[in-house]
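Participant: Output the structure for:
(2 chains)
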Amino acid sequence: KQEVTQIPAALSVPEGENLVLNCSFTDSAIYNLQWFRQDPGKGLTSLLLIQSSQREQTSGRLNASLDKSSGRSTLYIAASQPGDSATYLCAGTGSGNTGKLIFGQGTTLQVKP
Amino acid sequence: ETGVTQSPTHLIKTRGQQVTLRCSSQSGHNTVSWYQQALGQGPQFIFQYYREEENGRGNFPPRFSGLQFPNYSSELNVNALELDDSALYLCASSLAPELRGEQYFGPGTRLTVT
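Facilitator: Numbers count the residues shown, from 1 in each chain, chains lettered A, B, ... in the order given. Below you'll find the model as predicted:
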């Protein structure tokens, strides 16, 4: 059974700092990995999707990597800004035919001005 | 904006009642998945609809049921509401499941059961 863990649960950093959010999963048979952002009480915004044949994806100040052999993904945020404050969730899809997402519990990030 | 819409935004119901939540998928997407997110937790997969049929179900009781319509919009129905059903309900639309492509989420419906 696939389980996804995110550490730390919460993180507070000063503006401008580079930071890394971690995501680990128990089953290396993970197919895709997707990173989301969630603002309080809101839906999920897709940030990056790393497909099965890829090892990383970049969008602006965000870079996500996937290492299936070690069961880890990281989300790197460069030059953090107060507007980056949100909860970040990672989710993997397995080999089944639904493509259902299995989520971690999220890391709540606060970037202080 | 993902193009995925959900209604209503908020809902308050009493234990034992029934509720229907609605989701319109993004243009071009034929698959809708529903998730339940309790406070402080990651979303949990409820079920998925593809071409108007259920295509996979998570660990939720039969009182959680759904429909998908020919225009690929979807409904989530919950009967005999319990206090623990209080959560944010999210729908996600995507292309055919076997493509395992990116999933786009709506803003969610906040359900409170008293």
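Participant: Return the residues of chain B in contact with chain A.
Facilitator: Proximity of chain B to chain A, by Cβ under 8 Å from any Cβ of the partner chain, involves residues B:2, B:4, B:6, B:31, B:33, B:35, B:40-45, B:48, B:55-56, B:58, B:88, B:90, B:92, B:94, B:97-108, B:110. For the C-beta atoms, the positions are set from N, CA and C on the backbone; glycine is no exception.
Participant: Now, the residues you listed that are in strands?
Facilitator: Among the residues of chain B next to chain A, DSSP state E puts B:6, B:31, B:33, B:35, B:44-45, B:48, B:55-56, B:88, B:90, B:92, B:94, B:104-105, B:110 in strands.
Participant: which two from those residues end up farthest apart in space?
Facilitator: Longest distance between any two of these is 26.3 Å, between B:Asn55 and B:Arg110; criterion Cβ to Cβ.
Participant: Those two: who's more crowded?
Facilitator: Neighbours were counted for B:Asn55 and for B:Arg110 using other Cβ atoms under 10 Å in any protein chain shown; B:Asn55 has more, 21 against 16.
Participant: Could you tell me how many residues sit around the spatially closest residue to the more buried one that is not a sequence neighbour?
Facilitator: Using Cβ to Cβ, 6 or more residues apart in numbering or on different chains and skipping the chain neighbours, the partner closest in space to B:Asn55 is B:Gln48 (4.9 Å). Burial of B:Gln48 is recorded as 26 neighbouring residues (other Cβ under 10 Å).
Participant: roughly how far apart are B:Gln48 and A:Leu44?
Facilitator: 16 Å (Cβ to Cβ, to the nearest Å).
Participant: which ones are touching B:Ala38?
Facilitator: Applying Cβ atoms under 8 Å, 6 or more residues apart in numbering or on different chains, one finds that B:Ala38 lies in contact with B:44, B:86-87.
Participant: again, 10 Å this time
Facilitator: Taking Cβ atoms under 10 Å, 6 or more residues apart in numbering or on different chains as the criterion, B:Ala38 is in contact with B:44, B:84-88.
Participant: Report the buried members of those residues.
Facilitator: Buried members of the contacts of B:Ala38, scored by 16 or more other Cβ atoms under 10 Å in any protein chain shown, are B:44, B:85-88.
Participant: Quick check, pLDDT for A:Ser28.
Facilitator: The predicted structure scores A:Ser28 at 76 on the pLDDT scale.
Participant: what's the helix or strand for it?
Facilitator: Following DSSP states H and E, one finds A:Ser28 outside all helices and strands.
Participant: Can you report how many residues neighbour it?
Facilitator: So A:Ser28, with other Cβ under 10 Å, has 11 neighbours.
Participant: Quick check: it touching A:Gly71?
Facilitator: Yes - with contacts counted by Cβ atoms under 10 Å, A:Ser28 reaches A:Gly71, the gap being 5.8 Å.
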